[in-house]
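Q: 3D model of this:
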Amino acid sequence: MQNQYTNLETLKFLIHKVHKTDSVLGEGRFSAYDTASIDMFLDSIASLSDAELFPYIKEMDQKPSVYKEGKITIHPQFERIFQQARDLGLIASIFNEEDGGLQMPNTLFHAAYYIMEAANNHVTGYLGLTTGAANLIATFGNQVLKDQYLPKMLDMEWTGSMCLTEPQAGSSLSDITTSATPIGNGSYLINGQKIFISAGDHQFADNIVHLLLGRIDGAPEGTKGVSLFVVPKFKPINGSLEENHVATAGEFEKLGQRGYCTSHLVFENSEAWLVGEENRGLTYMFQLMNEARIATGRMGAGIASAAYYASLQYAKERPQGRKLTSTGDKDLLQDQTLIINHPDVKRMLLHQKSIVEGSLSLILQAAHYLDREQIAEGEDKERYNLLLELLTPIVKTYPAEKGLESVSQGLQILGGYGFCQDFILQQYYRDIRIISIYEGTTGIQSLDLLGRKVNLKNGKVLQWLAEEVMETIAKASRIDALHVYANELEQNLKMIQQVLTELAPIAKKGDFERYLSDATVFMDLFGTVIIGWQWLKIANKAYDEVSNDTPLKAAMEGKIHTMKFFYKYEMSRTKGLAKTLLNQLALTLDFNLDYLE
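A: Predicted coordinates:
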């Protein structure tokens, strides 16, 4: 089945064949799931998206969330969407059964949300933040907090948000000043402001539960003094809800994702309850932040998917120009040809397809590691956890940066119409622009990758990842049609190792600013090679289908063709990126800032 914003058969192929999700079904916490139940659930999500999400994406942009008299009002369709989310158990899906959850495989969870994000990327933030906030309470909260909040949040009667950013402290969480004063009954009074709070206020929940970072009076400076609190908009007391002095001061009017509200909140003696231990808030919040980073990359891939299928549909319908004859001229007696017949348009479409499906495969790879971690024990559990840690900044960044490039190519296919509001490409372009900023910018993710993640366990985790890549290479090397691509991927692995070997002495000397100065270039290099790995994995399975002459043969031939495209047009960039990283000139460090004038 293919709709107007994604391809369900491709998604199922990646889940079942490439990432072998079936191998975790029936085991441990996933004992209630099988292949049929996964496909049935995805079909239901596609039906929901077709009927309730996709038809409203333009309208949510044209009639955005609005702030008036201390309240934010969002599009009325959200009321129906939230009800459907309750009926499908979308919030409860990944929680433990003892907490009221469904113990759904993470791969299925992310696949479902990917479909919804491709259909309407303004929707899933409300659901995902509720899931993330509730999961913090479930993981680190005491039983009183669990009993008080989880049932309402998992049923989405109450929604959630995370409150980190402050006016004077954007990504620098060590500089937050929101205060928490103990009041002697186990609770605290919160005072401060939080900005850019997604889903921070709306009319379709009885309560909004804010998970907030604050500093208890007298706490140490920096991140070591940050604690995590539950701060509800309304306090639940003896079965009723009372005002808790959480004021909505405004709504940020954004370039894109205008149906997904973003608020400025003011806390004035708002009563709060500590989650876990004092001064460990940032450690706890990183659980939600890492979940949100994967979700943000997934959203970028979803938007890019929707843009790709809109571009493809237009290219199939729009006549323009004529094909060149053997003499290089145009035969004006011929009818105009559809633009999909022009080589450069086909190049742009293949570029979009390679980014979208490669990104989706990467997201499912990360979800598969989490599934494996949740049913593994001992060393295997640690292995999958750390592999996920290593991939997370790439999962966040690649679909964001390359997804933007992909949507831009789609807009180019439409030409002048792509720049006009009559066609949705301009909206997708605006919507996806925030993805590289959400949950830690590309620069921050790149610093994390090069500064921390490649050195996990003294490089052991990077070696584990290389071993998995080599398994894919070994299989492809036995297939004549794929041997050359296997060799190219192996050479790229060696090139990454060479870059890290050259950079390591700089870090060992303590010159970390120099070591990390081109971290975003390294992210581009590493991310491209990882997507190259994903495409070779896809090609391996696609070749099996082609060789066995299955009903998927034509579609699988398309996968192999797209893999070849990615290697020609994207993997070929890696040598230049490596050359930049190995260049000794430190042009972005100390220089006369007047040069920028």
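Q: For stretch 165-182, buried residues please.
A: Thr165, Glu166, Ala169, Leu173, Ile176, Thr178, Ser179, Ala180 (16 or more other C-beta atoms under 10 Å). From N, CA and C alone the C-beta is placed, and that goes for glycine too.
Q: what's the first-to-last distance across it?
A: 22 Å (C-alpha to C-alpha, to the nearest Å).
Q: ranges for the helices of the stretch 151-300 of the chain?
A: With DSSP state H, counting those that start in this stretch applied, the stretch 151-300 of the chain shows helices at 281-317, listed in chain order.
Q: Please disregard the earlier target; I meant the stretch 401-550 of the chain.
A: According to DSSP H, counting those that start in this stretch, the helices that the stretch 401-550 of the chain contains are 425-432, 442-451, 460-477, 483-508, 512-516, 519-547.
Q: circling back to that earlier point, please name the two of the buried residues of stretch 165-182 that end up farthest apart in the structure.
A: Thr165 and Ala180 (17.0 Å; C-beta to C-beta).
Q: so where is this protein shaky, pLDDT-wise?
A: Within the chain, the ranges that satisfy pLDDT under 70 run 1-3, 170, 325-333.
Q: any idea which residue sits dead centre in it?
A: Gly297 (2.1 Å; C-alpha atoms, centre = their mean).
Q: Counting by contacts, list what the helix or strand hosting Gln365 packs against.
A: Here Gln365 is covered by helix 343-375, with elements defined by DSSP states H and E. Applying 3 or more C-beta pairs under 8 Å, 6 or more residues apart in numbering; DSSP states H and E, one finds that helix 343-375 contacts helix 8-13, helix 106-119, helix 281-317, helix 378-414, helix 519-547, helix 553-569.
Q: Try it again at 6 Å.
A: The helices and strands touching helix 343-375, judged by 3 or more C-beta pairs under 6 Å, 6 or more residues apart in numbering; DSSP states H and E, are helix 106-119, helix 281-317, helix 378-414, helix 519-547, helix 553-569.
Q: Can you redo those as a markdown table, where the extra columns are distance to Arg433?
A: Converted to a markdown table, these look like this (distance: least, C-beta to C-beta, whole Å):
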| stretch | distance to Arg433 |
| --- | --- |
| helix 106-119 | 15 |
| helix 281-317 | 10 |
| helix 378-414 | 6 |
| helix 519-547 | 17 |
| helix 553-569 | 23 |
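Q: Tell me which of those sits most buried.
A: By mean neighbour count, with neighbours taken as mean count of other C-beta atoms under 10 Å, helix 106-119 ranks first of the helices and strands packed on helix 343-375 at a mean of 26.
Q: what sits against the residue nearest to the centre of the chain?
A: Val395, Lys396, Pro399 (C-beta atoms under 6 Å, 6 or more residues apart in numbering).
Q: how close does it sit to Ala205?
A: 26 Å (C-beta to C-beta, to the nearest Å).
Q: again with Phe591
A: 51 Å.
Q: Give me the more crowded residue out of the two.
A: Shown here are Phe591 and Ala205; by other C-beta atoms under 10 Å, Ala205 has more neighbours (21 against 10).
Q: residue contacts, the nearest residue to that one once chain neighbours are set aside?
A: Using C-beta to C-beta, 6 or more residues apart in numbering and skipping the chain neighbours, the partner closest in space to Ala205 is Thr159 (4.2 Å). With contacts defined as C-beta under 6 Å, 6+ apart, the neighbours of Thr159 are Thr130, Ala205, Ile208.
Q: try it again with 7 Å
A: Applying C-beta atoms under 7 Å, 6 or more residues apart in numbering, we find Thr159 in contact with Tyr126, Thr130, Ala199, Ala205, Ile208.
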